[in-house]
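J.: no sequence on hand, only this structure:
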């Protein structure tokens, strides 16, 4: 099975938001959304210094993982 995998290291830019809902089959579902702030070094700056740039990446988690992320991840 082919799986695309990426590892991001950063800080939560906002407290995750958990939404609970009913699935089509009547069971409970969960979705959590958060933004991850990932800082990277850029070579494009003046006077031969590296400059830090931050990207904010939206992440969505589903199911049990969504509940765990909402419970344990906080901003910062």
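T.: Now that the structure is in, tell me what you want to look at. Computed from a prediction, not measured in an experiment: that's the story for all the values here.
J.: now do the strands in the chain.
T.: 11-12, 17-22, 28-42, 51-62 (DSSP state E).
J.: pLDDT weak spots in this structure?
T.: By pLDDT under 70, the low-scoring segments of the chain are 1, 43-50.
J.: so which residue is smack in the middle of it?
T.: By C-alpha atoms, centre = their mean, the chain has its centre lying nearest to residue 59, at 3.6 Å.
J.: what distance do you get for that residue to residue 18?
T.: 13 Å (C-beta to C-beta, to the nearest Å). C-betas here are computed from N, CA, C, even on glycine.
J.: equivalent analysis for residue 57, please.
T.: Residue 57 is 19 Å from residue 18, by C-beta to C-beta.
J.: of these two, who's got more company?
T.: residue 18 (16 against 13; other C-beta atoms under 10 Å).
J.: what's the closest non-adjacent residue to the more buried one?
T.: Leaving aside its sequence neighbours, residue 18 sits nearest to residue 70 (C-beta to C-beta, 6 or more residues apart in numbering; 3.7 Å).
J.: looks like that neighbour contacts residue 16 (just checking).
T.: Yes: the criterion here is C-beta atoms under 8 Å, and residue 70 meets it with residue 16 at 4.9 Å.
J.: rewinding a little: quick one: contacts for the residue nearest to residue 18?
T.: 16-18, 30, 32 (C-beta atoms under 8 Å, 6 or more residues apart in numbering).
J.: no further questions, thank you.
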